[in-house]
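In: The following block contains a protein sequence and its predicted model.
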Amino acid sequence: MTKLINLLILLFCMISAEIDFKLSANIHPSLITTSEEGLLINSSKIKYSILDQTFQSLVLEIEDAMMSTIEVPEPGEAGGYSHEKHKQNYRDMRKAGELFVITNDEKYAKFVKEMLEAYSKLYPKLGLHPMAKHQKPGKLFHQMLNEAVWLTNVSIAYDCIYSWLDEKSRKEFEKNIFSPMIDLFTVKNSKEFDKIHNHGMWACAAVGMYGIVTRDENLVEMALYGTKKTGDGGFLRQLDELFSPDGYYMEGPYYVRYTIRPLIKFAESLERNLPHIKIYSYRNSIIKKAYYSAINTTFPNGIFFPINDASKTMDIKAPGMIFGNSIINYRYGADSNLLKLLDIQKKVVLNNSGYSTSKAYSELDPDYKLSLNSIEYSDGNDGEKGGLGILRTGNGEDQSVLVMKYGVHGMGHGHFDKLHFLFYNQNREIINDYGFSRWINIEPKYGGRYLPENNFLMNTAKLKKWLRNLQENEF
């Protein structure tokens, strides 16, 4: 019955999207920050310290970037200079675009344009990345995932300067960069695009956000419902399959901070441009639940529970978690716990949500202590694949936390035993998970690939599933 209801909702959304996708070609920017919001931020940033701090930090970063020569290097090794430079370039373009919307200073728009001109000369010359190995390759990066991250960020930058650009420049960028990149995602690597995975989430967000900027209904529909537009892939299917009904992310706490970034950015873009989809209400407000599950799977110091192949360097200061805090507070109502996390994050989004969150944060009792509660999360898209239990006592940094994991394998990221616990007390780990099952760019681990045991376990699980299906069909 639940599947039937979800199918009916999906069909309704698809019909609505076809009928109601009517956006003026002149509404730019519209993804994250409008021109009116930019004016609001510029005129009111001095009222709230965290808003001003975010703005000033952005100015320093971009002024520093603009002092350097623009460089778009030939593709290189994963994690190497070229890889990191292209990552820095998309961050710089996005931030410069945001500053242009807020300040209306053309030097920021010119910076984005000059960077895009450099990519417009480079990208047509590139074949598939030469060091892809077993990954689905991009052209700038060794895997399509990174290329999708690039396009997600650059779509925001492009949206910010779209109306400022002349038509000739727009046509050049779309012909030489964006259209070939979209073709790579949706045609040449369509299976990867439709894959239910954090890679697929990024691809959907990239294509959908670019489609909104260019008012390409076809691209937005593919982003929502998959390349065949049947609902077998796409953003809504990602929301259906990757999260349990409680909002717990199948790949675990460490990976949710990465997936939450394209998820909420695309959701916000949809809400602003296609509000009839009611994305923030979809699947019983699964986006809200997903963000709260991410927050609830952290220690009092903001570090995500380091289970599976997680890194202890990742915490709620991750970009997606900062972005999500402002958006969730704005879209679902201010929450004292989320506001308190700004003591650690120290940044907000520079739009209406950041303004509203900054105001609420300024009114929060400074003595308020973070008070996350004990909770059990179901695992698997149907909530029937085990779970994660969290017991907490105390508040703030003095809190003691016991974490019990008994869920799925995390789509290949889990440990082979699948059953473990952690104990955290007085701001330190007493009993911890045994850490990475892989490591990036260490030669014995196949250059960041997973160990053979990991693949064996995943293949064993697939074999068991195949045998179970065979039994059900035969007998």
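Out: Here it is on my side, so go on.

In: Tell me the pLDDT of residue 79.
Out: Predicted confidence (pLDDT) for residue 79: 81.

In: I misspoke; the intended subject was residue 423.
Out: pLDDT, residue 423: 93.

In: Flag the shaky bits of this structure, pLDDT-wise.
Out: 1-26, 134, 409-410, 412-419, 433-475 (pLDDT under 70).

In: Skipping adjacent residues, who's closest to the spatially most central residue of it in space?
Out: Nearest to the mean C-alpha position of the chain, counting by C-alpha atoms, centre = their mean, stands residue 261 at 2.2 Å. In space, and not counting its chain neighbours, residue 261 is closest to residue 320: 2.9 Å by C-beta to C-beta, 6 or more residues apart in numbering. C-beta here means a position set from N, CA and C on the backbone, and glycine is covered the same way.

In: Count the neighbours of that neighbour for me.
Out: With neighbours defined by other C-beta atoms under 10 Å, the count for residue 320 comes to 20.

In: is it true that it lies in a strand?
Out: No - in this structure, residue 320 is helix, not part of a strand, as judged by DSSP: H, G, I helix; E, B strand; the rest coil.

In: which residues touch it?
Out: 257-264 (C-beta atoms under 8 Å, 6 or more residues apart in numbering).

In: swap the cut-off to 7 Å and go again
Out: Residues counted as contacts of residue 320 (C-beta atoms under 7 Å, 6 or more residues apart in numbering) are 257-258, 260-261, 264.

In: Wait, residue 223 touches residue 233, no?
Out: No - applying C-beta atoms under 7 Å, one finds residue 223 not in contact with residue 233, separated by 9.7 Å.

In: Who has more neighbours out of the two?
Out: Neighbour count, other C-beta under 10 Å: between residue 223 and residue 233, residue 223 has more, with 30 against 27.

In: Secondary structure element holding the more buried one?
Out: Using DSSP states H and E, residue 223 falls within helix 217-225.

In: tell me what that helix is packed against?
Out: Other helices and strands packing on helix 217-225, by 3 or more C-beta pairs under 7 Å, 6 or more residues apart in numbering; DSSP states H and E, are helix 2-20, helix 198-214, helix 235-241.

In: Break the chain into its domains for me.
Out: For the chain, automatic domain parsing gives the domain ranges 2-362, 375-474.

In: Tell me which of those domains sits most buried.
Out: Comparing these by mean neighbour count (mean count of other C-beta atoms under 10 Å), domain 2-362 ranks first with a mean of 20.

In: Just give me how far that one sits from the chain centre.
Out: Mean-position distance between domain 2-362 and its chain equals 6 Å (C-alpha atoms, centre = their mean, to the nearest Å).

In: Report the separation between the closest residue to residue 271 other than its chain neighbours and residue 287.
Out: Of all residues not flanking residue 271 in the chain, residue 279 sits nearest, at 5.6 Å (C-beta to C-beta, 6+ apart). Separation of residue 279 from residue 287 (C-beta to C-beta, to the nearest Å) stands at 7 Å.

In: what sits in contact with each of those two?
Out: Counting by C-beta under 7 Å, 6+ apart, the residues touching both residue 279 and residue 287 are residue 267.

In: Okay, and residue 55 sits in which element?
Out: Under the criterion of DSSP H and E, residue 55 resides in helix 49-66.

In: who are the neighbours of that helix, in terms of helices and strands?
Out: In terms of contact count using 3+ C-beta pairs under 7 Å, 6+ apart, helix 49-66 is assigned the packing partners helix 81-103, helix 352-362.

In: For stretch 395-404, give the distance from the opening residue to the closing one.
Out: One end of stretch 395-404 to the other measures 20 Å (C-alpha to C-alpha, to the nearest Å).

In: ok, and what's touching it?
Out: For stretch 395-404, the surrounding residues in contact (C-beta under 7 Å, 6+ apart) are 299-301, 305, 369-371, 389-394, 421-427.

In: before we move on, what about stretch 84-99?
Out: Stretch 84-99 is contacted from outside by 33, 58-59, 61-62, 65, 71-73, 108, 111-112, 115, 140-141, 150, 153-154, 156-157, 160-161, 350, using C-beta under 7 Å, 6+ apart.

In: Ok, stretch 335-348 next?
Out: 50-51, 53-54, 295, 302, 316-317, 322, 325-326, 328-329, 354, 357-358, 360-361, 364, 368, 370-372.

In: ok so, going back, which residues does the residue nearest to residue 271 contact?
Out: Residue 279 makes contact with 267, 270-271, according to C-beta under 7 Å, 6+ apart.

In: Distance check, it against residue 270.
Out: 5 Å.

In: For residue 375, give me the backbone phi and psi.
Out: In terms of degrees, to the nearest 10, the main-chain angles of residue 375 are phi -160, psi 150.

In: Now do stretch 374-381: distance from first to last residue.
Out: One end of stretch 374-381 sits 22 Å from the other (C-alpha to C-alpha).

In: next one: stretch 158-167
Out: Using C-alpha to C-alpha, one end of stretch 158-167 lies 13 Å from the other.

In: quick one: contacts of it?
Out: In this structure, residues lying in contact with stretch 158-167 by C-beta under 7 Å, 6+ apart are 28-31, 97-98, 100-101, 109, 112-113, 213.

In: Adding distance to residue 42, write these out as a markdown table.
Out: Supplementary listing: those in a markdown table, determined by distance: C-beta to C-beta, whole Å:
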| residue | distance to residue 42 |
| --- | --- |
| 28 | 18 |
| 29 | 14 |
| 30 | 18 |
| 31 | 19 |
| 97 | 15 |
| 98 | 11 |
| 100 | 11 |
| 101 | 9 |
| 109 | 15 |
| 112 | 18 |
| 113 | 21 |
| 213 | 23 |
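
In: What is the nearest of the residues you listed to residue 202?
Out: Using C-beta to C-beta, residue 31 is the member of the contacts of stretch 158-167 that lies nearest residue 202, at 15.5 Å.

In: Surely the closest one touches residue 270?
Out: No - if you go by C-beta under 7 Å, residue 31 and residue 270 don't touch, sitting 9.7 Å apart.

In: Brilliant, that's me finished.
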